[in-house]
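A.B. asks: Kindly return the folded structure for what I paste below:
(2 chains)
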Amino acid sequence: MKLVWKLLRQHISIPQFVGFFFANLVGVVIILLGVQFYKDYQAIDQEDSFMKADYLIVNKKIGALSGLTGAQQTFTAEDVEDLKAAGFAERVGAFTSSSFNVRARFDVEGFVSFSTDMFFESVPDEFVDVKSEAWEYSAGEDEIPIILPKNYLDLYNFGYAQGKGLPKLSEGILGAMNLKVIIGGNGQNDEFEGRIVGFSSRLNTILVPEAFMRWANERYASQAAVKEPTRLIMEVENPTDERITSYLQDHDYETDEEKLDASKTTFMLRVIVSIVMVVGVVISILSFYILMLSVFLLVQKNSSKLENLLLIGYSPTKVSFPYQALAVGLNVLVLLLAVVIMLMVRRVYLDMFENFFPDFEAPNILLTLCVGVGLLILVSVFNVLAVYSKVMSIWNRKE
Amino acid sequence: MKKIQLSHTLPCVFQGRTDIVSDIWNREVTFEREKLYLVEANSGTGKSSLCSYIYGYRHDYQGQILFDGEDVSQYSVAQWTDIRQHHFALLWQELRMFPELTAWENVEIKNKLTGQQTKEQIQTWFEMLGITDKLNAKLGRMSFGQQQRVALIRALCQPFDFLFVDEPISHLDDTNAVIMGQIMTAEAKKQGASIIATSIGKHIELAYDQVFNL
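C.D. replies: Alright, predicted model coming up:
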């Protein structure tokens, strides 16, 4: 094969292959970075995964006069139907609030003990993004899973603890600690264990499973106290949809603006990453085209050598091999270098991520590697087949 | 392989012509092993076509070509490759050598594929044909006659049942033509093979069993 290669490497144009190499490198780096960046960004997002980015929480505006005029703060069934019919919401769910007394006691042994009146709310389970085992409740159970707003933790850490010189608490420590919940009403009084399954910065309420809420409302609330929802949660496909803003304005509803902005940011990021990746794919396709053209040109220039090799008994497979190996080798080299560059760039932005989000844990690069290897295999198979068919056309040339 | 049969074989370009007088075209012809054949031809009578049909790189003929009774028109790529590696050796009129490689490499590229001849045997042939000094010379710098001798050595670097030599001595002096004939017949005898030589004038002197006029 050494002699065959010596023959067939004649007419190899280094500039062409260098051109292909860098074009393809740029394309592959863009694709890999796009995949990896999106995955890393999602990991940041994960902190708030109890509520996905495209969930919006809607309530009616509370005006200065609304209390006096007696205007409804709650959503009627018609309001909900109307919202569903507006077209931008894929799903709409209602918040159910507790119609009983909740008192919580929070003991941090040796440090501090809180006790506070509070309330619970629930939304349909499909809006809560927690693994199902952690978010289950069956009637009568002592343990209630709870999701708290992240603000509460910040309030303690940066306000209370700071002022009193107490240690700061991480989400993990809090999750492991006990929260005593005393529920009363309807002539009954019971104590429960609250288990904090997570903190959400998107959600401004204390959330319990709907199953618990249904059970507790039935048990502790007087029938008259069961109310219509004051807040709705909806899943939207595109948070930047103009119709959302105008609908909310028209109906005097409001939503967390910041959250809407965050949703818009996430949405835009997704669009931008997609666009960038499409550009990467286009560059890769073009570079693939350059490679194919170069190889075809090479085959063309060396066609008489290839033909003679075939005639003295070399099989088309053997004759194709050097060019196939050349193409596949270049692809492998490009992939390896692209992965290295991707990792280097990633190091830079991961440092930034880690500064902003101390809890951030970088996800692995497995998916990206799979994408890279998948691309490599796909492109290489095309290369191998194309070279072989070109050689076969030389074999058949006299027909 | 024991025999090659041509059954009413005729190049497509000759189709419809009635003036063809030939011992081969449009007849029943059989080439057998361990024989020496000479095909004499005038220019334009399809001598190279005959080689290319039998060697499987052109198929523009009508009639049949059979190897051991099997029609070759349906042969696969793998079968033709096997034929070229193990059964037919061909010394082309246009040589089909690689001018970028040295004389030695031109032979090696074939011998590496088949592993048929020893290094010593090849060197002996170079010596016999008087081109030992050209062993490491680029083939492109050699004269056609010298290239012709290298091409013969390359053709012998494989097992074969039939050796086709298409005008092998067109550029050789008589002395070298005789030596070439000796080498060819010796190797053919060793392998129990046939030689089918063509010529359009000066032909290589062998003890032919049969002479055809194409």
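A.B. asks: Now for the most centrally placed residue in chain B: which residues touch it?
C.D. replies: By C-alpha atoms, centre = their mean, chain B has its centre lying nearest to residue B:164, at 2.2 Å. Shown in contact with residue B:164 (C-beta atoms under 8 Å, 6 or more residues apart in numbering or on different chains): B:51, B:54-55, B:88-91, B:196-198. Placement of C-beta: from N, CA and C, glycine included.
A.B. asks: On the three-state scheme, the residue lying closest to residue B:202 once chain neighbours are set aside is what?
C.D. replies: Ranked by C-beta to C-beta, 6 or more residues apart in numbering or on different chains and with sequence neighbours excluded, the top spatial neighbour of residue B:202 is residue B:169, at 6.4 Å. Put simply, residue B:169 is coil when judged by DSSP: H, G, I helix; E, B strand; the rest coil.
A.B. asks: For residue A:2, grab the count of nearby residues.
C.D. replies: When counting by other C-beta atoms under 10 Å in any protein chain shown, one arrives at 10 neighbours for residue A:2.
A.B. asks: pLDDT value on it, please?
C.D. replies: On pLDDT, residue A:2 comes in at 84.
A.B. asks: Okay, it and residue A:102: tell me how far apart.
C.D. replies: When distance is defined by C-beta to C-beta, to the nearest Å, residue A:2 is 82 Å away from residue A:102.
A.B. asks: Find the nearest non-adjacent residue to residue B:108, please.
C.D. replies: residue A:3 (6.0 Å).
A.B. asks: That neighbour: helix or strand, and which one exactly?
C.D. replies: Assigned by DSSP states H and E, residue A:3 belongs to helix A:2-8.
A.B. asks: So for that helix, what gets flagged as buried?
C.D. replies: A:3-4, A:7-8 (16 or more other C-beta atoms under 10 Å in any protein chain shown).
A.B. asks: which strands and helices sit next to the lengthiest strand in chain B?
C.D. replies: Criterion DSSP state E: the longest strand present in chain B is strand B:3-11. Applying 3 or more C-beta pairs under 8 Å, 6 or more residues apart in numbering or on different chains; DSSP states H and E, one finds that strand B:3-11 makes contact with strand B:28-32, helix B:47-55, strand B:61-67.
A.B. asks: Taking strand B:28-32 as reference, get the angle to the host helix or strand of the residue nearest to the centre of chain B.
C.D. replies: If you go by DSSP H and E, residue B:164 is part of strand B:162-166. When axes from the mean of the first three to the mean of the last three C-alpha atoms, to 10 degrees is applied, the directions of strand B:162-166 and strand B:28-32 differ by 110 degrees.
A.B. asks: Outside of the helix or strand that comes right after strand B:162-166 itself, list whatever touches it.
C.D. replies: Using DSSP H and E, the helix or strand that follows strand B:162-166 in sequence is helix B:174-191. Identification of contacts with helix B:174-191 by C-beta under 8 Å, 6+ apart yields B:36, B:125, B:128-130, B:145, B:149, B:152, B:156, B:159-161, B:163, B:165, B:168-169, B:172, B:193-195, B:204-206.
A.B. asks: pLDDT of helix B:174-191, averaged?
C.D. replies: The model assigns helix B:174-191 a mean pLDDT of 94.
A.B. asks: That one: which residues count as buried?
C.D. replies: B:176-177, B:179-181, B:183-185, B:187-188, B:191.
A.B. asks: Can you add distance to residue A:381 and give those back as CSV?
C.D. replies: CSV is the format used below for the buried residues of helix B:174-191 (distance: C-beta to C-beta, whole Å):
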residue, distance to residue A:381
B:176, 51
B:177, 52
B:179, 52
B:180, 48
B:181, 51
B:183, 47
B:184, 46
B:185, 50
B:187, 44
B:188, 45
B:191, 42
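A.B. asks: Please identify which of those residues is nearest to chain A.
C.D. replies: When those are compared for distance to chain A (C-beta to the nearest C-beta), residue B:191 wins out at 15.7 Å.
A.B. asks: what does chain B put close to chain A?
C.D. replies: Counting by C-beta under 8 Å from any C-beta of the partner chain, the residues of chain B close to chain A are B:52, B:55, B:57-60, B:77-78, B:81, B:84-85, B:90, B:92, B:96-98, B:100-101, B:105, B:108-110, B:112-114, B:154, B:158.
A.B. asks: now, which of these lie within helices?
C.D. replies: B:52, B:55, B:77-78, B:81, B:84-85, B:105, B:108-110, B:112-114, B:154 (DSSP state H).
A.B. asks: Buried subset of those, written for PyMOL?
C.D. replies: Isolation of the buried members of those (16+ other C-beta under 10 Å) is achieved in PyMOL through the command below:
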select buried, chain B and resi 52+55+81+84+85+105+108+109+110+113+114+154
